[in-house]
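Asks: Show me how the following folds:
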Amino acid sequence: MDSATLENGLMSLSQEKSLLSVLIIRNNHMVAERYFHGGGVQKSNNIHSASKGVIQALVGIAVAKGLIGSLDDKVSKYLPEYFPGTNARKRQISLRDLLTMSSGLAWQEDDTEYVIQERADWVQAILDQPLHRGPGVVFNYSTGNTHVLSAVLQRASGMSTCEFAARYLFGQIGITVEHWGRDPQGVCSGGYNVYLTSRELAKFGLLYLDRGAWQGQQIVPAAAVEQASRRIWQVDEEFGYSQGWWTRRIAGHDMYLAWGYGGQFSYVIPAVNVVLVATGDTRDGHVIDDNIDLRDFIERNLLPSIAKR
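Replies: I've put the predicted structure just below:
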């Protein structure tokens, strides 16, 4: 890779006042590792919704282990007490619908969750939301969906989502979560409030780049990785969505990314064997600039640095 081209891009990114880190891994080598504005190797960070990719991995593992029958299983199969007297359409919500953000449950991201957090039972409050559309019909991004998936994982596995991840995912690749939130019922946060270091987020991206394998051992089923990379919904002109991951095409290259509020990214770019990670500062509950976008860096610096080789 051409270091001057990369360096120019990294210098430009350093002007983002809330940016904490940028890591680039190619062919399993750390090409660049930079920290800014108080970020550091040992400092963990809330990766926010980038952890929805983690939930997708855990569901895939649970299916492979037979703890969950399939993604087409209904939520009501695992959490029947939350569906007494519920209309038949709501009982048709599947795990796949939750993963693909098409449950049909009413939700306005960055609004509804604050209402839910005032309730004693968050899973019940999420599933009590009106069903505005039939399951599987339209895309509507909802952290509520992935939190319900966490509850399903805990019921199916007989352990907390955090424990399940430590045993079957993170513990296998040398990741130790510093903090993982829980709701009042003890359900681990599904797709938010998970703290990892930048290197740990990069390891997770590398796991997907290598089709779910780590040092010769299959950790995440290859089929689950394939599903993560395959666009299901075209959300807007720029982004698509698969299962817990966003998809994007830049300069003729297909890529997918775990993406969280405030500039948390783990890009997987298979065609050039690259993982690109960035993290942003949200420690005060807000960010100085919540519009961090790596497109220009990828298009003007990362990909050209490879082409110049």
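Asks: Which residue ranges of the stretch 1-150 of the chain form helices?
Replies: Using DSSP state H, counting those that start in this stretch, the helices of the stretch 1-150 of the chain run over 3-13, 52-64, 75-78, 95-99, 112-116, 122-127, 143-157.
Asks: who does the first one touch, helix- and strand-wise?
Replies: Secondary structure elements in contact with helix 3-13, counted by 3 or more C-beta pairs under 8 Å, 6 or more residues apart in numbering; DSSP states H and E, are strand 19-26, strand 29-35, helix 295-297, helix 303-307. Just so you know, the C-beta spots here come from the backbone N, C-alpha and C atoms, and that holds for glycine as well.
Asks: Tell me which of those is the most buried.
Replies: Of these, the one with the most neighbours on average (mean count of other C-beta atoms under 10 Å) is strand 19-26, at a mean of 23.
Asks: Tell me what angle that one forms with helix 3-13.
Replies: On the basis of axes from the mean of the first three to the mean of the last three C-alpha atoms, to 10 degrees, strand 19-26 is oriented at 160 degrees to helix 3-13.
Asks: what lines up beside strand 19-26 in the sheet?
Replies: According to DSSP bridges, strand 19-26 has the following sheet partners: strand 29-35 (antiparallel), strand 274-280 (antiparallel).
Asks: Kindly reformat the ones you listed as TSV containing distance to residue 159 and mean pLDDT.
Replies: Formatted as TSV, these follow (distance: least, C-beta to C-beta, whole Å; pLDDT from 0 to 100):
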stretch	distance to residue 159	mean pLDDT
strand 29-35	33	97
strand 274-280	28	97
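Asks: So for residue 62, which of those sits nearest?
Replies: Nearest to residue 62, of all these, is strand 274-280, at 24.5 Å by C-beta to C-beta.
Asks: Which residues does the closest one contact?
Replies: Residues from elsewhere that reach strand 274-280 (C-beta atoms under 8 Å, 6 or more residues apart in numbering): 13, 16, 18-26, 39, 45, 47, 198, 201-202, 205-206, 209, 262-269, 287, 292, 294, 298, 302, 306.
Asks: Run the chain-centre distance for that strand.
Replies: Centre-to-centre, strand 274-280 and its host chain are 13 Å apart (C-alpha atoms, centre = their mean, to the nearest Å).
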